[in-house]
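In: Turn this into a structure:
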Amino acid sequence: MTVLTQDRAPRPTAVALGLFDGVHLGHQAVLRGAAAHRGEGLLPAVFTFSAPSVAYKQHRPVQYLYTDRQKQQRLAALGMELIYSPLFPEIAPLTGEDFSARILRELMQAKVVVCGGDFRFGRNAAWGVEELVRLGQIHGYRVEVVPPVQLEGEQVSSRRIRQLLAQGQVDAAARLLGEDYRIGGVVEHGNQLGRTMGFPTLNQVFAPGQCAPRFGVYASLAYPEGRPMPAVTNIGIRPTIGDTSCPIGETYILDWEGSLYGREVDVALKQFLRPEQRFADVFALSRQLARDIAAARDYAAKN
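Out: Below you'll find the predicted structure:
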């Protein structure tokens with residue numbers, strides 16, 4: 001995938017429009033709509049925003065699901081070849097007319113634009129799909145509107161996925177995402193407590209503004225070398241040792257040894273095992289970790 005900055009797209013494009021937070025089943029329908037025009041010689045492209053730069057969506061506070069790296073990986077896997085992902089404040093002042101002319105027509109060379117029916121754009125999100133169709137007639141692109149995707153009687157949405165994650169229902173969130181929910185990020189050095197207890201972990205910090213799932217312990221799959229390995233992951237702020245900073249994911253990979261410091265590693269959360277707890281001391285914590293590992297091992301054996 002090519003990341004567009006201020007250079008013009010190399011050839012005419014079919015552009016999928018949206019925040020694509022999570023790249024869930026509804027987003028995938030929009031992306032497939034853009035990719036379908038590859039046979040016409042159009043480059044499948046995406047206009048989105050850098051996830052951390054969007055603190056509000058349609059005037060509501062929002063926490064982003066996936067990092068830019070994770071989002072770009074998923075967009076590429078769905079056939080997108082070009083992405084323009086500026087910071088939201090860079091685009092927010094543009095009127096709808098300016099967005100259409102400067103971004104879609106000039107920068108992205110759009111010939112087809114694909115979006116959902118609730119897509120909003122322009123300063124204060126004052127322009128919608130009807131205005132986009134009108135502007136497309138002026139600026140030389142055709143607009144295709146993709147209907148919402150329904151699953152189990154509800155519309156698939158990032159908001160619903162965030163609600164499920166807050167409840168620890170990672171299996172239900174995975175159905176809306178079309179794949180397991182994953183945490184990711186660079187493996188950082190921690191306080192080495194897990195290593196001293198015989199359970200060395202991968203430490204991955206959630207960024208400010210990023211959605212964290214329900215605090216607790218999960219059976220998981222880690223991908224230290226691109227292939228899945230059974231693991232157990234704790235999400236939280238480590239109350240036993242008094243850590244009250246940003247949430248952190250601590251993952252112990254079963255039957256695996258190696259150093260992953262400084263590397264990007266994805267960890268798929270499979271099943272919620274128990275809530276985060278405060279223990280009397282590290283010895284009680286160590287005994288519980290052994291039980292968590294046994295539960296994760298049992299889950300892996302059955303699944």
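
In: now for the longest helix along the chain, which elements pack on it?
Out: Using DSSP state H, we find that the single longest helix of the chain is helix 282-302. The contact analysis (3 or more C-beta pairs under 8 Å, 6 or more residues apart in numbering; DSSP states H and E) places helix 282-302 against strand 216-222, strand 229-236, strand 267-275. Backbone N, C-alpha and C define where each C-beta goes, glycine included.

In: Show me which positions of it end up buried.
Out: Neighbour counts using 16 or more other C-beta atoms under 10 Å place 285-286, 289, 292-293, 295-297, 299-300 of helix 282-302 among the buried residues.

In: Please put the alpha-carbon coordinates of it into PDB.
Out: What follows is helix 282-302, C-alpha atoms only, in PDB (Å, rounded to 0.1, in the frame of the first residue of the first chain):
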ATOM      1  CA  VAL A 282       3.200 -10.900  44.600                       C
ATOM      2  CA  PHE A 283       3.000 -14.500  45.800                       C
ATOM      3  CA  ALA A 284      -0.800 -14.500  45.600                       C
ATOM      4  CA  LEU A 285      -0.500 -12.900  42.200                       C
ATOM      5  CA  SER A 286       2.000 -15.600  41.100                       C
ATOM      6  CA  ARG A 287      -0.400 -18.300  42.200                       C
ATOM      7  CA  GLN A 288      -3.300 -16.700  40.300                       C
ATOM      8  CA  LEU A 289      -1.100 -16.300  37.200                       C
ATOM      9  CA  ALA A 290      -0.400 -20.100  37.200                       C
ATOM     10  CA  ARG A 291      -4.200 -20.700  37.300                       C
ATOM     11  CA  ASP A 292      -4.800 -18.200  34.500                       C
ATOM     12  CA  ILE A 293      -2.200 -20.000  32.400                       C
ATOM     13  CA  ALA A 294      -3.800 -23.300  33.100                       C
ATOM     14  CA  ALA A 295      -7.200 -21.900  32.000                       C
ATOM     15  CA  ALA A 296      -5.700 -20.400  28.800                       C
ATOM     16  CA  ARG A 297      -4.000 -23.800  28.100                       C
ATOM     17  CA  ASP A 298      -7.300 -25.500  28.600                       C
ATOM     18  CA  TYR A 299      -9.100 -23.100  26.200                       C
ATOM     19  CA  ALA A 300      -6.400 -23.600  23.500                       C
ATOM     20  CA  ALA A 301      -6.700 -27.400  23.800                       C
ATOM     21  CA  LYS A 302     -10.500 -27.200  23.300                       C
END
